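[1] Sequence first, predicted model second:
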Amino acid sequence: AQSVAQPEDQVNVAEGNPLTVKCTYSVSGNPYLFWYVQYPNRGLQFLLKYITGDNLVKGSYGFEAEFNKSQTSFHLKKPSALVSDSALYFCAVRGPFTGGGNKLTFGTGTQLKVEL
Amino acid sequence: DAGVIQSPRHEVTEMGQEVTLRCKPISGHNSLFWYRQTMMRGLELLIYFNNNVPIDDSGMPEDRFSAKMPNASFSTLKIQPSEPRDSAVYFCASSPPTDTDTQYFGPGTRLTVL
């Protein structure tokens, strides 16, 4: 079964500092991994995805994620956090496959709070 | 381009009433997803359609929930009868055939059942 785990409910970081939001995955076969962000009272927005290729994936708003096969992790990172990055972040994996279409299985979300 | 459109944005109803949530996917997208988000259960996939055909409805909580997609530009999620535990934010999302992994979410409908 496809699943992702986000071990931290909340991450606090000071503006200007680097941030990391953690995600580990469990899949059968090659992993297709995603990060989405949800701002207050909004729907989720796509940030980035890993399908194949370079282990460091760059996405929107200066975010990047590092795929690590040996640690089955896909952590979201940003070199310098902004207060405006404060939001709820979801890791997701493609599947399980149920006969068509591309279903995503989302993690429980991590609330990122960036403070001045 | 307009994004995914959902209506209403807020709905307050009384237990036992029928509720219909509406979604217009992005033009040209051929996959449509209905999700429910609550504090307790997080984000749950209820059902998804591909080319207007329901593919997986295993997330639909019970027979009180039903979803339809009569054409490529419209879908409904109906709850009949509604119960207080159905209170949640319901999201619709769509994906294009050229990038089936990326889902575009609507703003959601906040449902409160009293």
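    Yep, that arrived. Numbers count the residues shown, from 1 in each chain, chains lettered A, B, ... in the order given.
[2] Mind jotting down where the strands sit in chain A?
    Using DSSP state E, the strands of chain A run over A:3-5, A:10-14, A:19-21, A:24-26, A:33-38, A:44-50, A:56-58, A:64-68, A:73-78, A:87-94, A:104-106, A:110-115.
[3] Columns distance to residue B:100 and mean pLDDT on top of the ones you listed, output as a markdown table?
    No exception for glycine: its C-beta is placed from N, CA and C like everyone else's. Formatted as a markdown table, the strands of chain A follow (distance: least, C-beta to C-beta, whole Å; pLDDT from 0 to 100):
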| stretch | distance to residue B:100 | mean pLDDT |
| --- | --- | --- |
| strand A:3-5 | 19 | 92 |
| strand A:10-14 | 30 | 97 |
| strand A:19-21 | 25 | 97 |
| strand A:24-26 | 19 | 95 |
| strand A:33-38 | 12 | 96 |
| strand A:44-50 | 11 | 94 |
| strand A:56-58 | 18 | 95 |
| strand A:64-68 | 20 | 96 |
| strand A:73-78 | 19 | 97 |
| strand A:87-94 | 9 | 94 |
| strand A:104-106 | 10 | 89 |
| strand A:110-115 | 26 | 97 |
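[4] mind putting those strands in a markdown table, mean neighbour count and distance to chain B included?
    What follows is the strands of chain A, written out as a markdown table (neighbours: other C-beta atoms under 10 Å in any protein chain shown; distance: least, C-beta to the nearest C-beta, whole Å):
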| stretch | mean neighbour count | distance to chain B |
| --- | --- | --- |
| strand A:3-5 | 17 | 12 |
| strand A:10-14 | 14 | 14 |
| strand A:19-21 | 20 | 16 |
| strand A:24-26 | 17 | 15 |
| strand A:33-38 | 24 | 7 |
| strand A:44-50 | 20 | 5 |
| strand A:56-58 | 14 | 13 |
| strand A:64-68 | 18 | 14 |
| strand A:73-78 | 20 | 14 |
| strand A:87-94 | 23 | 6 |
| strand A:104-106 | 22 | 5 |
| strand A:110-115 | 17 | 11 |
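[5] mind putting the ones you listed in CSV, distance to residue B:105 included?
    Below are these laid out as CSV (distance: least, C-beta to C-beta, whole Å):
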stretch, distance to residue B:105
strand A:3-5, 18
strand A:10-14, 22
strand A:19-21, 19
strand A:24-26, 21
strand A:33-38, 8
strand A:44-50, 5
strand A:56-58, 20
strand A:64-68, 19
strand A:73-78, 18
strand A:87-94, 11
strand A:104-106, 11
strand A:110-115, 18
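[6] and the closest residue to chain B within chain A, how many neighbours?
    Of all residues in chain A, residue A:43 sits closest to chain B, at 3.1 Å by C-beta to the nearest C-beta. Neighbours of residue A:43 under the rule other C-beta atoms under 10 Å in any protein chain shown: 22.
[7] Compare the strands of chain A and give me the one nearest residue B:66.
    When those are compared by C-beta to C-beta, strand A:104-106 sits nearest residue B:66, at 22.5 Å.
[8] Run me through the strand neighbours of the closest one, direction for each.
    Strand A:104-106 sits in its sheet next to strand A:87-94 (antiparallel), going by DSSP bridges.
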